[in-house]
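Visitor: for reference, the sequence and a predicted model appear below.
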Amino acid sequence: MKTHLCIALVTLTALRATLWSTVAHGHALDSEFDCKSNPHTFITSLEDRQYIDSKPMRVEQNSVNAFRPTRGSDLTVYGFHVYAVLGYERDDTIFKKGSGDTIAVPLYGAVVSGPVETVETRVRQAGSDAIVHQVIPMLLTAIVCDEHQVGQWTHETRETR
(Lines give C-alpha, C1' and ligand atoms only; values in the text may rest on other atoms or scores of the structure.)
Protein backbone atom coordinates (compact mmCIF):
# COMPACT_ATOMS: atom_id res chain seq x y z
CA MET A 1 0.00 0.00 0.00
CA LYS A 2 2.80 2.43 0.93
CA THR A 3 4.57 1.65 -2.35
CA HIS A 4 1.47 2.53 -4.38
CA LEU A 5 1.04 5.76 -2.42
CA CYS A 6 4.68 6.73 -3.04
CA ILE A 7 4.37 5.98 -6.75
CA ALA A 8 1.17 8.04 -6.95
CA LEU A 9 2.81 10.98 -5.16
CA VAL A 10 5.89 10.85 -7.39
CA THR A 11 3.67 10.70 -10.50
CA LEU A 12 1.55 13.64 -9.33
CA THR A 13 4.64 15.68 -8.49
CA ALA A 14 6.15 15.00 -11.91
CA LEU A 15 2.87 15.84 -13.64
CA ARG A 16 2.58 19.09 -11.67
CA ALA A 17 6.15 20.08 -12.58
CA THR A 18 5.47 19.36 -16.24
CA LEU A 19 2.25 21.37 -16.27
CA TRP A 20 3.84 24.27 -14.37
CA SER A 21 6.74 24.48 -16.81
CA THR A 22 4.25 24.59 -19.68
CA VAL A 23 2.32 27.45 -18.08
CA ALA A 24 5.52 29.30 -17.22
CA HIS A 25 6.48 29.35 -20.90
CA GLY A 26 3.37 31.06 -22.29
CA HIS A 27 3.66 34.25 -24.31
CA ALA A 28 6.96 35.71 -23.07
CA LEU A 29 7.29 39.49 -22.73
CA ASP A 30 11.02 39.28 -21.96
CA SER A 31 12.12 41.37 -24.95
CA GLU A 32 9.93 44.29 -23.82
CA PHE A 33 11.94 44.54 -20.61
CA ASP A 34 15.06 45.74 -22.36
CA CYS A 35 13.32 49.04 -21.48
CA LYS A 36 13.56 50.44 -25.02
CA SER A 37 9.82 50.65 -25.62
CA ASN A 38 7.30 53.15 -24.25
CA PRO A 39 4.05 52.78 -22.31
CA HIS A 40 1.80 53.48 -25.31
CA THR A 41 3.45 50.92 -27.58
CA PHE A 42 3.75 48.32 -24.81
CA ILE A 43 0.09 48.49 -23.76
CA THR A 44 -1.47 48.89 -27.23
CA SER A 45 0.51 45.95 -28.63
CA LEU A 46 -0.85 43.74 -25.85
CA GLU A 47 -4.39 45.08 -26.35
CA ASP A 48 -4.22 44.60 -30.13
CA ARG A 49 -3.22 40.95 -29.67
CA GLN A 50 -5.93 40.58 -27.01
CA TYR A 51 -3.43 39.56 -24.34
CA ILE A 52 -4.85 42.11 -21.86
CA ASP A 53 -8.25 43.65 -21.24
CA SER A 54 -8.49 47.13 -22.75
CA LYS A 55 -10.16 48.53 -19.63
CA PRO A 56 -7.83 48.83 -16.62
CA MET A 57 -8.79 46.66 -13.65
CA ARG A 58 -7.39 49.37 -11.37
CA VAL A 59 -6.20 52.96 -11.65
CA GLU A 60 -3.95 54.10 -8.83
CA GLN A 61 -4.20 57.62 -7.40
CA ASN A 62 -0.93 58.46 -9.19
CA SER A 63 -2.57 57.35 -12.49
CA VAL A 64 -0.67 54.10 -12.98
CA ASN A 65 -3.12 51.83 -14.82
CA ALA A 66 -3.16 48.08 -14.09
CA PHE A 67 -4.52 45.80 -16.82
CA ARG A 68 -5.62 42.20 -16.33
CA PRO A 69 -4.26 39.54 -18.70
CA THR A 70 -7.06 37.89 -20.69
CA ARG A 71 -8.02 34.30 -19.98
CA GLY A 72 -5.66 31.94 -21.75
CA SER A 73 -3.04 34.56 -22.65
CA ASP A 74 -0.49 32.97 -20.27
CA LEU A 75 1.81 35.99 -20.23
CA THR A 76 5.24 35.56 -18.67
CA VAL A 77 8.28 37.72 -17.97
CA TYR A 78 11.57 35.84 -17.51
CA GLY A 79 9.57 32.68 -16.78
CA PHE A 80 7.32 34.26 -14.14
CA HIS A 81 3.53 34.27 -14.57
CA VAL A 82 2.14 37.80 -15.14
CA TYR A 83 -0.55 38.85 -12.66
CA ALA A 84 -1.05 42.36 -14.10
CA VAL A 85 0.40 44.69 -16.73
CA LEU A 86 1.15 48.31 -15.76
CA GLY A 87 1.44 51.54 -17.70
CA TYR A 88 1.03 55.28 -17.66
CA GLU A 89 2.08 58.20 -19.82
CA ARG A 90 0.79 61.72 -19.25
CA ASP A 91 -1.53 63.14 -21.93
CA ASP A 92 -1.98 59.71 -23.55
CA THR A 93 -5.69 58.96 -23.91
CA ILE A 94 -5.33 55.18 -23.56
CA PHE A 95 -4.53 55.69 -19.87
CA LYS A 96 -7.11 56.79 -17.32
CA LYS A 97 -6.16 59.52 -14.83
CA GLY A 98 -6.18 58.75 -11.11
CA SER A 99 -7.62 60.94 -8.38
CA GLY A 100 -4.25 62.23 -7.12
CA ASP A 101 -1.10 63.77 -8.56
CA THR A 102 0.17 61.87 -11.60
CA ILE A 103 3.60 60.31 -11.62
CA ALA A 104 6.33 62.47 -13.10
CA VAL A 105 7.76 59.98 -15.60
CA PRO A 106 6.08 57.53 -17.99
CA LEU A 107 6.42 53.88 -17.08
CA TYR A 108 5.35 50.41 -18.10
CA GLY A 109 5.81 47.03 -16.51
CA ALA A 110 4.30 43.87 -15.11
CA VAL A 111 3.48 42.41 -11.73
CA VAL A 112 4.67 38.81 -11.66
CA SER A 113 4.20 35.87 -9.31
CA GLY A 114 7.51 35.32 -7.55
CA PRO A 115 9.68 36.50 -4.66
CA VAL A 116 11.63 39.71 -5.25
CA GLU A 117 15.08 38.12 -4.84
CA THR A 118 14.44 35.44 -7.46
CA VAL A 119 12.84 37.91 -9.88
CA GLU A 120 15.72 40.38 -9.42
CA THR A 121 18.26 37.63 -10.17
CA ARG A 122 16.53 36.63 -13.43
CA VAL A 123 16.07 40.25 -14.53
CA ARG A 124 19.79 40.99 -14.03
CA GLN A 125 20.85 37.69 -15.65
CA ALA A 126 18.87 38.76 -18.72
CA GLY A 127 20.80 42.04 -18.81
CA SER A 128 17.79 44.25 -18.08
CA ASP A 129 18.05 47.51 -16.14
CA ALA A 130 14.36 47.36 -15.19
CA ILE A 131 13.39 48.35 -11.67
CA VAL A 132 12.37 45.39 -9.50
CA HIS A 133 10.04 46.18 -6.59
CA GLN A 134 8.40 43.92 -4.02
CA VAL A 135 4.59 44.17 -4.05
CA ILE A 136 3.59 41.37 -1.64
CA PRO A 137 6.47 39.60 0.15
CA MET A 138 7.23 36.15 -1.29
CA LEU A 139 4.26 36.37 -3.71
CA LEU A 140 4.18 39.32 -6.12
CA THR A 141 6.94 41.47 -7.59
CA ALA A 142 6.77 44.39 -10.03
CA ILE A 143 9.20 44.72 -12.94
CA VAL A 144 9.10 48.29 -14.25
CA CYS A 145 10.72 50.30 -17.04
CA ASP A 146 10.53 54.07 -16.75
CA GLU A 147 11.81 57.04 -18.75
CA HIS A 148 15.19 56.89 -16.98
CA GLN A 149 15.90 53.43 -18.43
CA VAL A 150 14.49 53.94 -21.90
CA GLY A 151 16.25 57.13 -22.95
CA GLN A 152 14.72 58.65 -26.10
CA TRP A 153 11.11 57.63 -26.64
CA THR A 154 9.46 58.47 -29.91
CA HIS A 155 5.81 58.62 -28.81
CA GLU A 156 4.37 62.06 -29.56
CA THR A 157 3.12 62.77 -26.03
CA ARG A 158 6.71 62.90 -24.78
CA GLU A 159 7.25 66.26 -26.48
CA THR A 160 4.13 67.79 -24.92
CA ARG A 161 5.48 67.66 -21.39
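Guide: Happy to help now that I have it. Since this is a predicted model, take the numbers as computed values, not measurements.
Visitor: quick one, helices of the chain?
Guide: With DSSP state H as the criterion, the chain has helices at 2-23, 39-48, 116-125, 147-150.
Visitor: tell me the spacing between the closest residue to Glu47 other than its chain neighbours and Leu46.
Guide: Spatial nearest neighbour of Glu47, chain neighbours left out: Ser54 (5.0 Å); criterion: Cβ to Cβ, 6 or more residues apart in numbering. Where you see a C-beta, it was placed from the backbone N, CA and C, and this is true even at glycine. Going from Ser54 to Leu46 by Cβ to Cβ, to the nearest Å gives 9 Å.
Visitor: what packs against the strand of greatest length in the chain?
Guide: Identified as the longest strand of the chain according to DSSP state E is strand 80-88. Where contact means 3 or more Cβ pairs under 8 Å, 6 or more residues apart in numbering; DSSP states H and E, strand 80-88 is packed against helix 39-48, strand 65-67, strand 75-77, strand 107-113, strand 140-146.
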